[in-house]
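Novice: Here's a sequence, model it:
(chains A and B)
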Amino acid sequence: MEAGRAKGTVTPLSFLFPAQDAHKAATRVQDAISEKERELEHLLGFISDNANLINLVQKLPEELHHEVMVPFGKAAFFPGRLIHTNEFLVLLGEGYYAERTSKQTVEILKRRGKALDSQVDSLKAMMDNLKAEASFFDATASEAEEGLVEIREEYVEENLGEQESGSGVNKQDVPSVSGVDGPKIVEEDAEYACIMSRLDELEKEEELAAANGDQSDEEDEEEKETADQSLEKFYDDKQSYSKGSTSTWLRDENVGSKELLDKYQQQQEASTNPSNCSGLSVQSSSKEDVSSGKNSLAQTQRVRNPNPAAKSVTFAEVKEKNQRSPPSTREAFTGSIIERPPAIPKTSKQETGTPLQPSGSQPSKPVSRFKMQRR
Amino acid sequence: MSSTSALRELQRELETKANDLSKLQKDIAKNHQVRKKYTIQLGENELVLKELDLLNDESNVYKLIGPVLVKQDLAEANANVRKRIEYISAELKRLDSALQDLEEKQNSKRDAILKLQQRIQSLQAGKAKA
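Specialist: Numbers count the residues shown, from 1 in each chain, chains lettered A, B, ... in the order given. As a prediction, the model looks like this:
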């Protein structure tokens, strides 16, 4: 870990969970367990009482009368005789009594016993939970005392090393004992998969759009006025470019990306899940402050990034345009490259947007050029 | 000199707030106790209702009022128990809302106390430097 640049962080477990605290927590859970145990004992006492009572009630009507010592006050007894041995006055609770025969009484008592059993079961389940908790705390405490360290390594693309180690520190307080970076990697993977699927989707959409681009051309012209003003400028720019031999390409492309953008907006509005990768924050930000066609240019270019290399003709032109106006490219870049939902705090937005793109689709040149400009 | 007086004032404030907080916590504990009592009663009443439902119509039912057993109609007893269950449920609901309210208050108080402590600490740190 020390050699080379740090890819992850190492924290002693005792730093995250001080041994005393873990012990304190363990003792607290132990207290809770002992309390539950007392309750359980209480309940078990009730159950045995109940069983004894059932026995007695069953036996009493066997005789017509019983000779008993009747308690009189606290200390005195006098001899007496129990008659009407099949008549019981049963307390139902809340001060209600019912006259019952021995058999009926036994039924009542058995029902009561069932209620008690269910209570015991729930109590035992609770105790099991608490015991698991206690063992966890104990394990944590002993591990902290042994000087176990937590190694946390970010799952990153190669060129993101420096940044990751920086951001890794912030995530220290995520509680976990061992095998810590498991969930993290999973998360990253999920994120990556999400982005990749999104890109594939985009490609498909674009192909579709390119296919019926010609007939929807005019509609789109109307649409874009309301939907995205920046696109209008972009469109005009494109028109001036498309006088050349690549005109059909450009037109198709133009329409395609426009439709894409519209779709983006719809999806963005529709997406309720904040962590959804399809929620691009590009539109909202660039829509507001787009003052030049460059912004929209950059936007569409980014959208087109996953395209097959066949469209590199246009790329070149767009690139030219971008380079001719250096002051706005930077702004355009920051406006356009935000491809991640704000809910994922891990890597910086600008970093993940670009490097993740190339792996599934064509790693087209403009990406690297953008990077160059940015640095 | 002004900083020390301010500090003292802050500490006084902190004390009153801490008192309020402990009072709130006491209230919450009381609420918990009352609620526990009511839940037990609710369980008992439900048991009684079940048993009463199982009784046949001609069986005698008595209610213990003070030291004497008073004979009661089965239907009447049934209605009484039902009403009681209703009342207890309503009471439990009321206690729940009260508890929520109390907890909210407790949290806000706790935040306030934390802020006060931070201010006091920063003041003390400033004084130590000076």
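Novice: Where does pLDDT dip in the chain?
Specialist: Unless you meant another one, I'm taking chain A. Low-confidence regions of chain A, defined here as pLDDT under 70, cover residues A:1-7, A:156-188, A:212-375.
Novice: meant chain B actually
Specialist: Counting by pLDDT under 70, chain B has low-confidence residues at B:1-2, B:130.
Novice: gap between the lengthiest helix in it and the chain center?
Specialist: The residue-count maximum for a helix in chain B (DSSP state H) belongs to helix B:74-129. Between the centre of helix B:74-129 and the centre of its chain there are 7 Å (C-alpha atoms, centre = their mean, to the nearest Å).
Novice: what helices or strands is that helix leaning on?
Specialist: Secondary-structure packing of helix B:74-129 (3 or more C-beta pairs under 8 Å, 6 or more residues apart in numbering or on different chains; DSSP states H and E): helix B:2-54, strand B:61-65. Just so you know, the C-beta spots here come from the backbone N, C-alpha and C atoms, and that holds for glycine as well.
Novice: Mind checking if the longest one is in reach of chain A?
Specialist: Yes - for a cut-off given as C-beta under 8 Å from any C-beta of the partner chain, helix B:2-54 has contacts with chain A, namely B:41, B:44, B:45, B:47, B:48, B:50, B:51, B:52, B:54.
Novice: what's the answer for the shortest one, then?
Specialist: Yes - judged by C-beta under 8 Å from any C-beta, strand B:61-65 comes into contact with chain A at B:61, B:62, B:63, B:64, B:65.
Novice: contacting residues around the third one?
Specialist: Contacts of residue B:63 were listed using C-beta atoms under 8 Å, 6 or more residues apart in numbering or on different chains, and they are A:95, A:96, A:97, B:69, B:70, B:72, B:77.
Novice: Contact residues of chain A facing chain B?
Specialist: For chain A, the residues in contact with chain B (C-beta under 8 Å from any C-beta) are A:89, A:92-100, A:107-108, A:111-112, A:115.
Novice: now these: which count as buried?
Specialist: With burial judged by 16 or more other C-beta atoms under 10 Å in any protein chain shown, the buried subset of the residues of chain A next to chain B is A:92, A:93, A:94, A:96, A:97, A:98, A:99, A:100, A:108, A:112.
Novice: Just send these back as JSON lines, with secondary structure too.
Specialist: JSON lines is the format used below for these (DSSP: H, G, I helix; E, B strand; the rest coil):
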{"residue": "A:92", "secondary structure": "strand"}
{"residue": "A:93", "secondary structure": "strand"}
{"residue": "A:94", "secondary structure": "coil"}
{"residue": "A:96", "secondary structure": "strand"}
{"residue": "A:97", "secondary structure": "strand"}
{"residue": "A:98", "secondary structure": "strand"}
{"residue": "A:99", "secondary structure": "strand"}
{"residue": "A:100", "secondary structure": "strand"}
{"residue": "A:108", "secondary structure": "helix"}
{"residue": "A:112", "secondary structure": "helix"}
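Novice: Out of those, which is nearest to residue B:9?
Specialist: Here the nearest of these to residue B:9, counting by C-beta to C-beta, is residue A:94; it sits at 55.3 Å.
Novice: Give me the phi and psi for that closest one.
Specialist: Backbone torsions for residue A:94, taken as degrees, to the nearest 10, come to phi 60, psi 30.
Novice: Name the nearest residue to it, sequence neighbours excluded.
Specialist: What sits nearest to residue A:94 in space, not counting adjacent residues and going by C-beta to C-beta, 6 or more residues apart in numbering or on different chains, is residue B:48, at 5.2 Å.
Novice: Now residue A:12: phi and psi?
Specialist: In this entry, residue A:12 is assigned phi and psi values of phi -60, psi 140 (degrees, to the nearest 10).
Novice: Verify the contact between it and residue A:146 for me.
Specialist: No - here residue A:12 lies out of contact with residue A:146, judged by C-beta atoms under 8 Å, at a distance of 10.1 Å.
Novice: Residue B:20 versus the closest residue to residue B:21 other than its chain neighbours, what's the distance?
Specialist: Using C-beta to C-beta, 6+ apart and skipping residues adjacent in sequence, the residue nearest residue B:21 is residue B:109, 4.7 Å away. Applying C-beta to C-beta, to the nearest Å, one obtains 6 Å for the distance of residue B:109 from residue B:20.
Novice: Looking at those two, which is more packed in?
Specialist: Shown here are residue B:109 and residue B:20; by other C-beta atoms under 10 Å in any protein chain shown, residue B:109 has more neighbours (18 against 15).
Novice: Isn't the more buried one up against residue B:17?
Specialist: Yes - with contact defined as C-beta under 8 Å, residue B:109 reaches residue B:17; the gap is 6.3 Å.
Novice: Roughly how far does the residue nearest the centre of chain B sit from residue B:100?
Specialist: Closest to where the C-alpha atoms of chain B average out (C-alpha atoms, centre = their mean) is residue B:31, at 1.4 Å. The spacing between residue B:31 and residue B:100, counted by C-beta to C-beta, is 10 Å.
Novice: What count of nearby residues applies to the nearest residue to residue A:148 once chain neighbours are set aside?
Specialist: Setting aside the residues directly before and after it, residue A:148 is nearest to residue A:13 in space (C-beta to C-beta, 6+ apart), at 4.5 Å. Residues contacting residue A:13 under the criterion other C-beta under 10 Å number 23.
Novice: could you list every residue that touches residue 36?
Specialist: I'll assume chain A. A:123, A:126, A:127, A:130.
Novice: all strands of the stretch 101-250 of chain A, in order?
Specialist: A:149-153 (DSSP state E, counting those that start in this stretch).
Novice: Pick out the residue in it sitting closest to chain B.
Specialist: Among the residues of the stretch 101-250 of chain A, residue A:108 lies closest to chain B, at 6.1 Å counting by C-beta to the nearest C-beta.
Novice: Hmm, that residue is touching residue A:90, no?
Specialist: Yes - the pair residue A:108 and residue A:90 passes the contact test of C-beta under 8 Å, sitting 5.7 Å apart.
Novice: Mind listing the shared neighbours of these two?
Specialist: When C-beta under 8 Å, 6+ apart defines a contact, the residues bordering residue A:108 and residue A:90 alike are residue A:100.
Novice: Show me what counts as buried in stretch B:70-86.
Specialist: Applying a neighbour-count criterion of 16+ other C-beta under 10 Å, the buried positions in stretch B:70-86 are B:72, B:74, B:77, B:78, B:80, B:81, B:84, B:85.
Novice: Sorry, slip of the keys, the one I care about is stretch B:61-70.
Specialist: Using 16+ other C-beta under 10 Å as the burial criterion, the residues of stretch B:61-70 that qualify are B:61, B:62, B:63.
Novice: Kindly report the same for stretch B:14-21.
Specialist: For stretch B:14-21, burial by neighbour count (16+ other C-beta under 10 Å) applies to B:14, B:17, B:21.
Novice: what sits up against it?
Specialist: By C-beta under 8 Å, 6+ apart, the residues outside stretch B:14-21 that reach it are B:106, B:109, B:110, B:112, B:113, B:116, B:117, B:120.
Novice: Could you tell me how far the fourth one is located from chain A?
Specialist: In other words, residue B:112. Taking C-beta to the nearest C-beta, to the nearest Å as the measure, residue B:112 falls 24 Å from chain A.
Novice: Could you pull up the residues touching that residue?
Specialist: Applying C-beta under 8 Å, 6+ apart to residue B:112 gives the contacts residue B:17.
Novice: before we move on, back to that, how deep is the residue nearest to residue A:94 tucked in, by neighbour count?
Specialist: Residue B:48: 23 surrounding residues under other C-beta under 10 Å.
Novice: immediately after the helix or strand encompassing residue A:57, which helix or strand?
Specialist: Secondary structure from DSSP states H and E places residue A:57 in helix A:19-59. For helix A:19-59, the succeeding helix or strand toward the C-terminus, using DSSP H and E, is strand A:66-72.
Novice: which secondary structure elements does that next one contact?
Specialist: Where contact means 3+ C-beta pairs under 8 Å, 6+ apart, strand A:66-72 is packed against strand A:76-82.
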